[in-house]
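K.L.:
Sequence and computational prediction follow.
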Amino acid sequence: MSKDKTFLALADFLIPAHGDMPAFGSVCSFADAQKALDFRVDLKEGFDRGLDADPASSPEAHLEKLNKEDGAAFSAVTTIAICTYYMNPRVRELLGYPGQESVQYDSKATQIYLTDGSLGHVLARGRKYRPTPGL
Amino acid sequence: MNVESLSERGARARRDEEVDVAIVGAGPSGSVAALHLARAGLSVVVLEQGEWPEYSDYTGARPEHELVSTKLWHPNPNVRDNPNDYPVDNSTTDINPLMFAGVGGSATLYGAQWMHFLPSDFRVRSLDGVAEDWPFSYEDLLPYQLEIEREVGVSGLAGDPAFPPRGPYPFPALPIGSVGLRGALGMERMGWHWWPGSNAIPSEKFGELNACVRRGTCLTGCPEGAKSTTDRSHWPLALKAGARLVTRARVKEVETNEQGLATGVVYVDANGRDRRQRAKVVILCANGVGTPRLLLMSGGARNPDGLANSSGMVGKRLMMHPFASILASYEDPLDSWRGPFGQQVYSLEFYETDERRGFVRGSKWNCMPSGGPVGVSGAIGSKVYVAEEGRFQDFWGANLHENVARRFGHSLIWGIVGEDLPEESNQVVLSKDLVDSDGLPAPQIVYKVNENSNRLLQFNIDRCLESVHAAGAIETLVSTPVRESGWHLIGTTVMGDDPKRSVVDQWGACHDVPNLYIMDASTFPTSGATNPTATIMAVALRNTRRMIAERRNQKVA
């Protein structure tokens, strides 16, 4: 089996369709994974090693073997799979994740904890620190 | 003039030039010392083994953020694998030390949680009968704390009853968001202390610092230039005042003369060549691991056990704040990828000693957002709340989708920082096997989490679970003690009045070498339970002011 087919088989086992969420292979390609790998050249060796063996038995058995015998390869394959998936615009849209966004706010706005009484309760419970003058 | 062009002005001293002060390290303490010494008219050269930060390398605003930051911006230098860092031998420690080499120091990767030590932190022997009192008090340090806050650009809300009364912070507190409000709700329902977070992140533009936009990637470098680090808060001013900064300069030895006085330092430059920087005074600001490492490398034939080490205390009493975390998920949305990351609210409910709990001293809790989908999945990486055991299938397949659906956007993290009591067996030594990229011995950490810390963490975890459940948590994940949590490196060149039991005096001057100073957290007699950067910078300012005032009485070679 070619590396791209091996990877997609493993990735679809790791990230199958579930509820509203698509399987890895429905929204991401092997090329997407390779682009992700370009951000993490430290993973390339392990990634290639993880796809070397033909997962003849099953993706699960192959991953189980990798996890037990070659942790670096397991980590590389799974890291690239999950990060590629959650970088995908369609997946982010389904999750409602805009990415680490910029949020504007009014720094001088009165915060709700000042008006709803909650911080007043903290103050009403009194001093917490132990004074030390003279020690 | 912007920061980048100012940095070009940091020129190396002329060959054989003797400067008034050479400082090792351009992190929080070294930057404070450099700025104020230069403003006082002293000639200052700072040697920094890392480089200026390149803000375009911070990936927080880009889709690949979670993929890249777990390597490039990992706080463990062994994972980051950047040749500007030195590796650390972690084979004999329960907790890995975390640090970063560069202008701005390890604060490049801090959460910017800005907390003073409390009054009791300076009097633990008098109040609780453990460790030692500090040579000075909370009240002695407070004026320096407030001055540093203005230099750093701290946001916060004054009036917290867990501290003595104080004036306002320079900037209004950052919004606490849905995460902070939910954290506060749990504390309210328990009747416990909480307060809006104080952070070294201005909520309005301040000098070279931009206003926070809640990007939420504080721990992996702020792409907005909003998190206060000294490359932006102090260095533009220090360079204008005449301080010189040499980057990629790894100091390998503090040199002394036959009278035992420091004469300067030897460093390896960017091209791998040894260079000498002569100085009347040397200040070490290389953190609680790097500073003792340098002293242990500097002994020479006259001091085979290390420089300034007649007490035998160099490297000992390492404190790293054993840390636990609780991730709590809720039914309703919390927009929990939004920042600030450091602390939206905090609690000091269990900070002070209560002997009925079965341990001494206490903890600080900080409530943080939980971040993006990869992190909350628990499937990869080193997020502090990821379980280290278990079957891989628990994190993948349908479980992956269900875990992410339950946690992503719906969860918060309470981080529990426990006070770490000093023990001489917890220490920094030189590795016999591991070396850095210049062939210098790496530090080895010998550290065990003690029984007091284990009891402290378990008590606080139990209380925290009560709080998050009171606020409606539907799932909780606990991690304790978190191995990748040694952000706070404290105590390894302890200050004190007795030269037989301490390395430096209360002003940071080494008992053995009076023109050699230490101004980082290595000198702290105890660790408190708050994030130490505020205290590190305040103590550095106090020491620097004293040095300037006493400059004519300073003994030099």
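P.N.:
Thanks, I have the structure now.

K.L.:
Point out where the chain drops to low pLDDT.
P.N.:
Let's take chain A. Within chain A, the stretches with pLDDT under 70 are A:54-56.

K.L.:
wrong one, chain B
P.N.:
Ranges of chain B meeting pLDDT under 70: B:1-13, B:15, B:381-390.

K.L.:
Which stretches in it count as helices?
P.N.:
Applying DSSP state H to chain B gives helices spanning B:3-7, B:28-39, B:65-72, B:77-80, B:124-128, B:138-152, B:177-190, B:230-233, B:235-240, B:287-297, B:373-377, B:398-407, B:451-470, B:533-549.

K.L.:
how distant is the longest one from the center of its chain?
P.N.:
Going back to what we said before, that points to helix B:451-470. 24 Å (CA atoms, centre = their mean, to the nearest Å).

K.L.:
Give the buried residues for it.
P.N.:
B:452-453, B:456-461, B:463-465, B:467-468, B:470 (16 or more other CB atoms under 10 Å in any protein chain shown). In this view, the C-beta of every residue, glycine as well, is placed from N, C-alpha and C.

K.L.:
Closest residue of the stretch 301-450 of chain B to chain A?
P.N.:
B:His401 (4.0 Å; CB to the nearest CB).

K.L.:
Neighbours of residue 48, how many?
P.N.:
Unless you meant another one, I'm taking chain A. 14 (other CB atoms under 10 Å in any protein chain shown).

K.L.:
Oops, wrong one, chain B.
P.N.:
B:Glu48 has 30 nearby residues by other CB under 10 Å.

K.L.:
which residues does the residue lying closest to it once chain neighbours are set aside contact?
P.N.:
Using CB to CB, 6 or more residues apart in numbering or on different chains and skipping residues adjacent in sequence, the residue nearest B:Glu48 is B:Ala26, 3.9 Å away. Residues in contact with B:Ala26, defined by CB atoms under 8 Å, 6 or more residues apart in numbering or on different chains, are B:34, B:46, B:48, B:50, B:102-105, B:230-231, B:235, B:245, B:247, B:285.

K.L.:
B:Gly104 now?
P.N.:
Going by CB under 8 Å, 6+ apart, the list of residues near B:Gly104 reads B:26-27, B:31, B:53, B:229-232.

K.L.:
Which of these sits closest to B:Ala442?
P.N.:
B:Gly27 (19.0 Å; CB to CB).

K.L.:
Name the nearest residue to the closest one, ignoring sequence neighbours.
P.N.:
Closest to B:Gly27 by CB to CB, 6+ apart is B:Gly105, at 2.0 Å.

K.L.:
thought that neighbour was touching B:Ile23?
P.N.:
No. Using CB atoms under 8 Å, B:Gly105 is not in contact with B:Ile23; the gap is 11.8 Å.

K.L.:
shared neighbours, the two?
P.N.:
B:Gly30.

K.L.:
returning to that earlier point: just put the contacts of B:Gly104 in JSON lines and tack on distance to B:Thr526.
P.N.:
Formatted as JSON lines, the contacts of B:Gly104 follow (distance: CB to CB, whole Å):
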{"residue": "B:Ala26", "distance to B:Thr526": "27"}
{"residue": "B:Gly27", "distance to B:Thr526": "21"}
{"residue": "B:Ser31", "distance to B:Thr526": "24"}
{"residue": "B:Pro53", "distance to B:Thr526": "32"}
{"residue": "B:Thr229", "distance to B:Thr526": "26"}
{"residue": "B:Thr230", "distance to B:Thr526": "25"}
{"residue": "B:Asp231", "distance to B:Thr526": "30"}
{"residue": "B:Arg232", "distance to B:Thr526": "31"}
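
K.L.:
Number of residues surrounding residue 94?
P.N.:
Chain wasn't specified; assuming chain A. So A:Leu94, with other CB under 10 Å, has 14 neighbours.

K.L.:
wrong one, chain B
P.N.:
With other CB under 10 Å as criterion, B:Asp94 counts 17.

K.L.:
got the contact list for it?
P.N.:
Contacts for B:Asp94 (CB under 8 Å, 6+ apart) come out as B:447-449, B:481, B:483.

K.L.:
Quick check: nearest residue in space to it, chain neighbours excluded?
P.N.:
Per CB to CB, 6+ apart, closest to B:Asp94 is B:Val449, 4.8 Å.

K.L.:
Burial check on the one you found, number of neighbours?
P.N.:
With other CB under 10 Å as criterion, B:Val449 counts 19.

K.L.:
Quick check: chain neighbours aside, which residue is closest to the most centrally placed residue in chain B?
P.N.:
Among the residues of chain B, B:His488 comes closest to the average C-alpha position under CA atoms, centre = their mean, at 4.7 Å. Of all residues not flanking B:His488 in the chain, B:His321 sits nearest, at 4.5 Å (CB to CB, 6+ apart).

K.L.:
ok so, going back, what is the nearest of the contacts of B:Ala26 to B:Pro164?
P.N.:
B:Thr230 (27.2 Å).

K.L.:
Hmm, the closest one is touching B:Ser106, no?
P.N.:
No. At 11.1 Å, B:Thr230 does not count as touching B:Ser106 under the criterion of CB under 8 Å.

K.L.:
how close does B:Asp128 sit to chain A?
P.N.:
10 Å (CB to the nearest CB, to the nearest Å).

K.L.:
for that residue, what are its contacts?
P.N.:
Contacts of B:Asp128 by CB under 8 Å, 6+ apart are B:120, B:353, B:360-361.

K.L.:
What residues does the residue nearest to B:Gly27 make contact with?
P.N.:
So B:Gly105 contacts B:25-28, B:30-31, B:99, B:229-230, B:287 (CB under 8 Å, 6+ apart).

K.L.:
Relative to A:Ala33, which of those residues is nearest.
P.N.:
B:Met99 (32.5 Å).

K.L.:
For the closest residue in space to the closest one that isn't next to it in sequence, give me its contacts.
P.N.:
Distances taken as CB to CB, 6+ apart put B:Ser106 closest to B:Met99, at 4.5 Å, once the chain neighbours are dropped. Going by CB under 8 Å, 6+ apart, B:Ser106 touches B:27, B:75, B:98-100, B:287, B:487.
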